[in-house]
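> take this sequence and fold it.
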Amino acid sequence: MIYKNRIAILGDLHYEPQIAPIYRRAMYQILKYKPSRLFNLGDIGGYSYAGSPQSFEDGFQYLSDFSIPFHPLIGNHDLEHLNFATDAEAINSWCYSFAKPKPYYFVKLPNAIGIVLSSTIFREAKNCCHEITIDSVQIQWLKKTLQKYKHLPTFIFSHAPIAGTGIRVIQDIHLTAPNAYLNNTNNPLQFIKLIKHNPQIKLWFSAHNHLGHNYKNTITVKESCTFVHTGTISPVSRDKTFHTRFLEFDKTGFTICTLDHTSGEYLKDFEFIFKDNDYKFLRDFKEPDFNHVIAPDLNNYKNLLQIGDSAFIVNKNMIVEYDFKTKTALGVVAKNISNTIVLTEHNNNLVIKKDNQIVATYKRNCYGWFFNVFFKNDWKTLIANLENKTSDAKH
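Down below sits the predicted model:
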């Protein structure tokens, strides 16, 4: 199929001025395929100055240089800079740089709308400060916007994926934190439920993993919605692939494509026809070399422990918790686990035994799951350390 509308979707940008030629080359490659507009999925600034006012200004300038309409959002690293004492200050600075009244908004597209969601909590996070959180006000706005435009195909853009889709997540980084999904610790499955009640949502783009598009589970379909992981053009890529997504669409359907910035190839990945909810993958996918641990498909495990809606497996010396209904890996209960342990249940608690002796017992946390938060909010620690250094300097 040939669709007349084409937009480009950039994943984690992590722009660094000292390597500007890399980003400039990627820009020229993208513009060769004449997108009408551009969406960026957050983490605009490089790690050397992520979340700073200068990173916002540099990101704005880079995206402006495409000379087409562009639509950014806030990722977790966009909130992390020490310049700001509160999340509100950081968000206001971002909004000022990108001329947005709010960090979430909708975009009118030909025969469709785009909805852009931003992470808004970092310093005040109860768990990992890098959890990508869509706050309650934004969620209510999202529901109202979906209701208002329920007659139009809707494409949603966020930094992290939502739980329940089967999109690939990294076990030893994001599941361990945990910050693999939107609102990972607090009702992460609310968004997939929203999909079920809003069949007009046809696409949901996310990034966050710094992985390319050569894995089949970077595109998945649940209900009538297609979920699409988006790679990066930055050297932060975890698998040394540098990819941009393209969406070609009209009122009849869409095609998902990949621009490979290394080879220059423009690859057609996937096609979806709205009328029949019919779809097909358009190329073969193979598993590239990768140094991190990926949460495995629960369907491949016959011997697992189930406690209520939770299911548990041991993978790479970690106990991983899944939501059994959606087969979604939600978090890690324990690390550095021996392969000889046995998982059992007692009084609805998870019990670990070794040599027939109980070595640990885990209860459900305040959110109703067993997984742990291994990367606590370290923002207050950072501030305390800075204050101590300042105090020491005065003395």
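
> would you map the strands across the stretch 201-350 of the chain?
Ranges of strands in the stretch 201-350 of the chain, per DSSP state E, counting those that start in this stretch, are 201-206, 219-222, 225-229, 243-250, 253-260, 266-273, 278-281, 305-307, 310-315, 318-323, 328-334, 342-346, 349-354.

> what comes up buried for stretch 245-256?
Within stretch 245-256, the residues that count as buried by 16 or more other CB atoms under 10 Å are 245-250, 253-256. Where you see a C-beta, it was placed from the backbone N, CA and C, and this is true even at glycine.

> domain parsing for the protein?
According to automatic domain parsing, the chain comprises the domains 5-281, 296-395.

> how about the ones you listed, which one is nearest Glu287?
Each of the domains of the chain has some distance to Glu287 by CB to CB; the shortest is domain 5-281, at 6.5 Å.

> now do the end-to-end distance for that closest one.
This stretch, domain 5-281, spans 20 Å end to end (CA to CA, to the nearest Å).

> point out where the stretch 201-350 of the chain drops to low pLDDT.
For the stretch 201-350 of the chain, applying pLDDT under 70 flags the ranges 288.

> now do the phi/psi pair for Glu57.
Main-chain dihedrals, Glu57, degrees, to the nearest 10: phi -60, psi -40.

> which residues does it contact?
Neighbour list for Glu57: Ser97 [criterion: CB atoms under 8 Å, 6 or more residues apart in numbering].

> reformat the buried residues of stretch 245-256 as TSV; add distance to Ile173.
Supplementary listing: the buried residues of stretch 245-256 in TSV, determined by distance: CB to CB, whole Å:
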residue	distance to Ile173
Arg245	22
Phe246	27
Leu247	27
Glu248	32
Phe249	32
Asp250	38
Gly253	35
Phe254	31
Thr255	31
Ile256	25
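
> tell me which two of the residues you listed sit farthest apart.
Arg245 and Asp250 (17.5 Å).

> adding distance to Glu287, write the domains of the chain out as TSV.
Output for the domains of the chain, formatted as TSV (distance: least, CB to CB, whole Å):
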stretch	distance to Glu287
domain 5-281	7
domain 296-395	12
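
> any idea which of these is most buried?
Most buried of the domains of the chain by mean neighbour count (mean count of other CB atoms under 10 Å) is domain 5-281; its value is a mean of 20.

> one step back: and the domains of the chain: which comes nearest Asp289?
For Asp289, the closest of the domains of the chain is domain 5-281, at 7.3 Å, according to CB to CB.

> how far does that closest one sit from its chain's centre?
In terms of CA atoms, centre = their mean, to the nearest Å, the centre of domain 5-281 is found 7 Å from the chain centre.

> next: stretch 340-348.
On CA atoms, centre = their mean, the centre of stretch 340-348 falls 32 Å from that of its chain.

> need the residues that contact that stretch.
Under the criterion CB under 8 Å, 6+ apart, residues 305, 307-308, 312, 314, 319, 350-355, 359, 361, 364 lie in contact with stretch 340-348.

> kindly report the same for stretch 120-138.
Residues contacting stretch 120-138 (CB under 8 Å, 6+ apart): 74-77, 79-80, 85-87, 90-91, 103-104, 117-119, 142, 158-160, 177-179, 181-186, 208, 373, 375-379.

> if we go to 7 Å?
The contact list for stretch 120-138 (CB atoms under 7 Å, 6 or more residues apart in numbering) reads 74-76, 79-80, 86-87, 91, 103-104, 117, 119, 159-160, 177-179, 182-185, 373, 375-379.

> for stretch 254-269, same thing?
By CB under 7 Å, 6+ apart, the residues outside stretch 254-269 that reach it are 1, 3, 26, 29-30, 33, 203, 213, 219, 228, 233, 242-248, 270-272, 281-283.

> start to end distance for that stretch?
Using CA to CA, first and last residues of stretch 254-269 are 11 Å apart.
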